[in-house]
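Undergrad: sequence first, predicted model second:
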Amino acid sequence: MKPNMGNLDRIIRIVVGVALLAYALRLVFPDTGWNWVGWIGVVPLLTALVRVCPAYRILGIRTDR
């Protein structure tokens, strides 16, 4: 698949993904009972690593220009 994600988009996704995973692993905040929501951070990390966002592809968005 062709990349459809620019560098700024990748950096933002990596920061958000790491922050969410830190929340899930209770590195930043204590156990709130909602820490499992932080595992959503895997999605932005994976999309940043492969430089392809399936939602962007469906919506016809490209940030790599």
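TA: Received it, and whenever you're ready, just let me know what you need.
Undergrad: quick one: what helix or strand has the most centrally placed residue in the chain in it?
TA: For the chain, the residue nearest the mean C-alpha position is Pro44 (1.4 Å; CA atoms, centre = their mean). Taking DSSP states H and E as the definition, Pro44 sits inside helix 42-50.
Undergrad: quick revisit: double-check the residue nearest to the centre of the chain against Val16; I have them as touching.
TA: Yes. Pro44 lies in contact with Val16 (CB atoms under 8 Å); the separation is 5.2 Å. Bear in mind the C-beta positions are built from the backbone N, C-alpha and C, glycine included.
Undergrad: contact partners of the helix holding Pro44?
TA: 1, 5, 9-11, 13-14, 16-18, 20-21, 53-54 (CB atoms under 8 Å, 6 or more residues apart in numbering).
Undergrad: what residues of the helix or strand that it is followed by count as buried?
TA: Toward the C-terminal end, the helix or strand that comes next after helix 42-50 (DSSP H and E) is helix 54-59. Within helix 54-59, the residues that qualify as buried by neighbour count (16 or more other CB atoms under 10 Å) are Tyr56.
Undergrad: how far does helix 54-59 sit from its chain's centre?
TA: 14 Å (CA atoms, centre = their mean, to the nearest Å).
Undergrad: just to revisit the earlier point, pull out the buried positions in the helix holding Pro44.
TA: 43-45, 47-48.
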